[in-house]
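Asks: I'd like to go over a predicted model; first the sequence, then the structure.
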Amino acid sequence: MTRFPLGANPWIWHSPVGGGALAEVLPRLAGWGFDCVELPLEQAGDWEPAATAKLLDTTGLAPAAVIAVMPPDRNLVRTDPGTVRATQDYLLRCVDAAHAVAAPVVAGPVYTAVGRTWRMTPAERAAAYAEFRENIAPVTDHARAAGVRIGVEPLNRYETGLLNTVGQTLTALEGLDTSVIGIALDTYHQNIEERSLPGAVHEAGSRIVHVQVCANDRGTPGADHLDWAGFLTALDGSGYRGALCIESFTAHNNAIAVAASVWRPLAPSQDGIATEGLAFLRQALDTP
């Protein structure tokens, strides 16, 4: 099976993730044997790209992706023009940061705020998808010029009403440049919304541009009931050759913990989420 690069997200320990958090976490990830790291960018100035690029070079970690964050004031659909422009500007800054540190992808729910849900008729849903395509266009144009891809992440039904499944996401992306924009898969969300993890991977196919992994409870990969063998085998067959990044969270943060509904520790230790998850993924990828 393909030896996918394995990474982790500093959100396991910190939020927001600033330069100081990166200086603390990245050397530890490298020491544990990770290949790469996700770089969350909650606000455009949270970390400085030149200093982050130097830290990546020093530790030997590759930048797997810049992770876009969508709080209540960021929306590209069913909102006012000023909010659309501000959200586009934020996403453009994410692309600039990814380009500056040589990250190949900006990934996240780049369509509307996490936690924003509403009911839609089929016609209203189609209109919302058309609005998303129109409003993401300046971002994809900028990403194309920067050599960066956009990974659109479907979320579970409790975190968005717009894109829950791979099928919905593919519909929303119809007509957009497949070389620039695709799907970011997250095992936590697909476990809730898809009939099977391998099925979700097969449906997404060549459109997968980034992958996040965690247990069904958002904790340590492998400490769960997920079909990891099926998921990894399907991913290997899809042609995806990017990173698998452990994304989990600390419960001790108002913004991210509330957005992700993390009300309790997800493992005996935050370090264990990373180190035990890494060991599990290595073993799973080494299994014929």
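Replies: Noted; the coordinates are in hand.
Asks: Give the pairing partners of the one helix or strand residue 183 maps to; include direction for each.
Replies: Assigned by DSSP states H and E, residue 183 belongs to strand 181-186. According to DSSP bridges, strand 181-186 has the following sheet partners: strand 149-152 (parallel), strand 208-213 (parallel).
Asks: Can I get the longest one in CSV, CA atoms only?
Replies: Spelled out, it's strand 208-213. C-alpha atoms of strand 208-213 as CSV (Å, rounded to 0.1, in the frame of the first residue of the first chain):
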residue,chain,number,x,y,z
ILE,A,208,-9.6,14.2,-3.5
VAL,A,209,-7.0,16.9,-2.8
HIS,A,210,-6.5,16.5,1.0
VAL,A,211,-7.4,14.0,3.7
GLN,A,212,-7.9,14.4,7.5
VAL,A,213,-8.1,11.4,9.8
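Asks: hmm, back to that, enumerate the positions of the strand holding residue 183 that are buried.
Replies: 181-186 (16 or more other CB atoms under 10 Å). No exception for glycine: its C-beta is placed from N, CA and C like everyone else's.
Asks: just to revisit the earlier point, could you dump the strands paired with strand 181-186 into CSV with mean pLDDT added?
Replies: Output for those, formatted as CSV (pLDDT from 0 to 100):
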stretch, mean pLDDT
strand 149-152, 99
strand 208-213, 98
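Asks: Just the element for residue 34, please.
Replies: Applying DSSP H and E, one finds residue 34 in no helix or strand.
Asks: gap between it and residue 260?
Replies: 21 Å (CB to CB, to the nearest Å).
Asks: that older thread, can I get the strands paired with strand 181-186 in TSV including distance to residue 195 and mean neighbour count?
Replies: Listed next are these as TSV, based on distance: least, CB to CB, whole Å; neighbours: other CB atoms under 10 Å:
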stretch	distance to residue 195	mean neighbour count
strand 149-152	20	27
strand 208-213	18	26
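Asks: between those strands, which one is nearest to residue 42?
Replies: strand 208-213 (16.4 Å; CB to CB).
Asks: On the C-terminal side of the closest one, identify the next helix or strand.
Replies: Next along the chain after strand 208-213, taking DSSP H and E as the criterion, comes helix 228-238.
Asks: how many degrees apart are that following helix and strand 181-186 in direction?
Replies: Angle of helix 228-238 versus strand 181-186, following axes from the mean of the first three to the mean of the last three CA atoms, to 10 degrees, is 160 degrees.
Asks: out of everything not next to it in sequence, what's closest to residue 62?
Replies: Of all residues not flanking residue 62 in the chain, residue 36 sits nearest, at 4.1 Å (CB to CB, 6 or more residues apart in numbering).
Asks: Counting neighbours, what do you get for residue 50?
Replies: 9 (other CB atoms under 10 Å).
Asks: Name the SS class of it, please.
Replies: What DSSP: H, G, I helix; E, B strand; the rest coil gives for residue 50 is helix.
Asks: wait, isn't it in contact with residue 97?
Replies: No. With contact taken as CB atoms under 8 Å, residue 50 and residue 97 are classed as non-touching, separated by 10.6 Å.
Asks: can you tell me how far the residue nearest to residue 8 when sequence neighbours are not counted sits from residue 279?
Replies: In space, and not counting its chain neighbours, residue 8 is closest to residue 246: 4.5 Å by CB to CB, 6+ apart. Distance, residue 246 to residue 279, using CB to CB: 11 Å.
Asks: Could you give me the buried positions within stretch 223-234?
Replies: 223-224, 226-228, 231-234.
Asks: quick check, nearest of those to residue 195?
Replies: residue 227 (11.2 Å).
Asks: Contacts only, for that closest one.
Replies: Residue 227 makes contact with 196-198, according to CB atoms under 8 Å, 6 or more residues apart in numbering.
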